[in-house]
Structure formats: C-alpha cells, structure tokens
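Q: for reference, the sequence and a predicted model appear below.
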Amino acid sequence: MQLVDLNPHDPEVVHVFSDIDRLINSLYPVATAQSLSVEELAEPNVYAIGLKNEDGIVACGAIVMQEGNPPYGEIRRLYVKPSYRGKGLSRRIMQILLHHAGEQQIPLIRLETGPKQTESISLYENLGFHRCGPFGNYTENPQSLFMELGLNQ
C-alpha cells in the first residue's frame with residue numbers, strides 16, 4: 001500500500017469524498033454535516049493523505065491547522081472503504097497525521113465525530129483522545145461528539 005498526498009484534482013479523491021458524504025448523510029441529518037471540501041485540500045493549512053493500492057484510494061484522512069489559543073490541528077475526513085475495514089488502516093492514517101502534527105509542533109489535536117460511529121470513537125479513545133466541549137465554529141449538538149488530545153512537546 002502506498003501513502004499519497006490527496007490532490008483535489010484527482011478523480012479518485014473526488015470519488016472517495018463522495019463515498020464519505022454518502023456515509024455521513026446516511027447516519028446523520030445533512031444539516032449537521034460540516035465536511036472538509038475537496039477544494040479545501042489545496043489550502044496551505046491542510047495536510048491530507050491517503051493509502052492507495054490497485055483498488056485506488058482505500059483510506060484517507062486530513063489534519064487542518066487552526067488558529068486559536070493554543071493553535072490546534074483538527075482531524076477531518078478519516079475514512080476507510082468498507083471492504084478494507086478491520087485491517088488497521090484508520091489507525092495507520094491517524095498515526096501518520098499525529099506524527100505530522102508533532103513535527104509541526106502543533107500542541108493540541110481536536111476532532112468532531114458522531115455518536116453512531118462507535119468504532120471511530122473507540123479508536124480515538126485508544127489513541128488517547130478524551131471528550132471535550134465544542135470548539136471553533138461548532139456548537140453543542142446531539143449529533144456531534146468532540147474529542148481532543150494534547151501532544152507532548
């Protein structure tokens with residue numbers, strides 16, 4: 001499996017993002033979706049990666065650097081295609097994103113997920129994330145669960 005940077009002009013990336021949107025929209029009301037768009041992948045504050053094999057991009061994730069006090073990185077678009085789940089790919093993506101955050105000296109990592117995504121929540125907790133309140137432009141919402149992880153500098 002090859003690690004690749006996600007390119008907003010790559011049709012495979014567009015297809016994977018469509019898969020993610022379909023999944024999220026099947027779980028939660030569309031009004032609660034706050035997804036990172038394909039176009040935003042080109043922004044300088046976004047580090048987005050995928051794992052690719054002969055089937056194309058099978059897993060992806062991104063970290064978006066956010067201003068704040070302290071500044072933080074927000075995990076976005078963590079996804080593994082259904083036929084590749086249970087193989088540790090989301091953990092691998094998360095570890096790469098967290099390593100990148102450490103190299104960039106980002107002191108805090110935050111994320112928003114939904115309560116129906118129990119496997120994701122378990123992964124985040126296993127990686128040391130704990131629940132927190134809303135951050136950035138998010139507001140309290142029963143369809144959202146917020147988590148954060150302080151990185152040791």
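A: Nice, I can see it.

Q: from here on, just use CA atoms for contacts and neighbour counts.
A: Will do.

Q: measure how far the longest strand along the chain is from the centre of its chain, please.
A: As assigned by DSSP state E, the longest strand anywhere in the chain is strand 56-66. For strand 56-66, the separation from the chain centroid amounts to 6 Å (computed by CA atoms, centre = their mean, to the nearest Å).

Q: helices or strands up against it?
A: helix 11-27, strand 46-53, strand 72-80, helix 89-103 (3 or more CA pairs under 8 Å, 6 or more residues apart in numbering; DSSP states H and E).

Q: what's the angle between the helix or strand bottoming out on mean pLDDT in the chain and strand 46-53?
A: In the chain, the helix or strand scored least confidently by mean pLDDT, DSSP states H and E is helix 11-27, which has a mean of 81. For helix 11-27 against strand 46-53, the angle by axes from the mean of the first three to the mean of the last three CA atoms, to 10 degrees is 100 degrees.

Q: can you list the residues that contact helix 11-27?
A: With CA atoms under 8 Å, 6 or more residues apart in numbering as the test, helix 11-27 has contacts from 6-8, 33, 35, 38, 56-57, 77, 79, 116.

Q: possible to save those residues as TSV with distance to Asn25 and neighbour count?
A: Converted to TSV, the contacts of helix 11-27 look like this (distance: CA to CA, whole Å; neighbours: other CA atoms under 10 Å):
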residue	distance to Asn25	neighbour count
Leu6	22	22
Asn7	23	17
Pro8	21	17
Ala33	8	13
Ser35	11	13
Val38	17	17
Gly56	23	14
Ile57	21	22
Arg77	13	20
Tyr79	14	22
Lys116	12	14
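
Q: and these, which is the shakiest by pLDDT?
A: When the contacts of helix 11-27 are compared on pLDDT, Ala33 comes out lowest, with 51.
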